[in-house]
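In: Everything below, folded, please.
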Amino acid sequence: MSKTLKIDIDDDVLLGLNISADEMALELRIAAAIKMYEVGRISQGKAAQIAGLSRAEFITALSKFKISPVQEEEAELLETIRE
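Out: Next comes the predicted model:
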């Protein structure tokens with residue numbers, strides 16, 4: 001089951017960006033998913049799902065926003081390696 005979320009955007013915003021409403025919706029989905037992933041609220045897989053992208057496409061999107069696909073801190077990574 002899925003839900004539809006509604007966001008009102010003025011036409012002049014879309015005209016100013018020179019994009020369609022569908023393009024804006026996709027950009028907002030990706031940006032929201034990236035931010036939620038960046039702050040640790042969701043996993044990479046869930047973020048990709050929210051963004052409507054494959055995991056590989058999501059990782060590519062992360063690089064465009066200069067966000068590391070690895071969200072573990074250095075100490076956590078070292079601990080994982082020791083295990």
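In: Give me the contacts around the longest helix anywhere in the chain.
Out: Once the chain is assigned using DSSP state H, the helix that runs over the most residues is helix 21-38. Under the criterion C-beta atoms under 8 Å, 6 or more residues apart in numbering, residues 7, 9, 13-14, 17, 19, 42-44, 47-48, 50-53, 58, 61-62, 65, 67, 71 lie in contact with helix 21-38. Where C-beta positions appear, they are placed from N, C-alpha and C, glycine not excepted.
In: Buried among those? Make that a ChimeraX selection.
Out: Typed into ChimeraX, the line below selects the buried ones among the contacts of helix 21-38, using 16 or more other C-beta atoms under 10 Å:
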select :42,44,47,48,50,51,53,58,61,62
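In: Next step: the contacts of helix 21-38 restricted to helices.
Out: Judged by DSSP H, the contacts of helix 21-38 include 13-14, 17, 44, 47-48, 50-51, 58, 61-62 as members of helices.
In: ok, back up a step: alpha carbons of the longest helix of the chain, in CSV - could you do that?
Out: Taking Å, rounded to 0.1, in the frame of the first residue of the first chain, the C-alpha atoms of helix 21-38 are listed here in CSV:
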residue,chain,number,x,y,z
ALA,A,21,5.7,19.6,-11.8
ASP,A,22,6.7,15.9,-12.3
GLU,A,23,10.4,16.9,-12.5
MET,A,24,10.0,19.0,-9.3
ALA,A,25,8.3,16.1,-7.5
LEU,A,26,11.2,13.7,-8.4
GLU,A,27,13.8,16.2,-7.3
LEU,A,28,12.0,16.7,-4.0
ARG,A,29,11.7,13.0,-3.4
ILE,A,30,15.4,12.5,-4.1
ALA,A,31,16.4,15.5,-1.9
ALA,A,32,14.2,14.4,1.0
ALA,A,33,15.5,10.8,0.8
ILE,A,34,19.1,12.0,0.7
LYS,A,35,18.6,14.3,3.7
MET,A,36,16.8,11.6,5.8
TYR,A,37,19.6,9.2,4.9
GLU,A,38,22.3,11.7,5.7
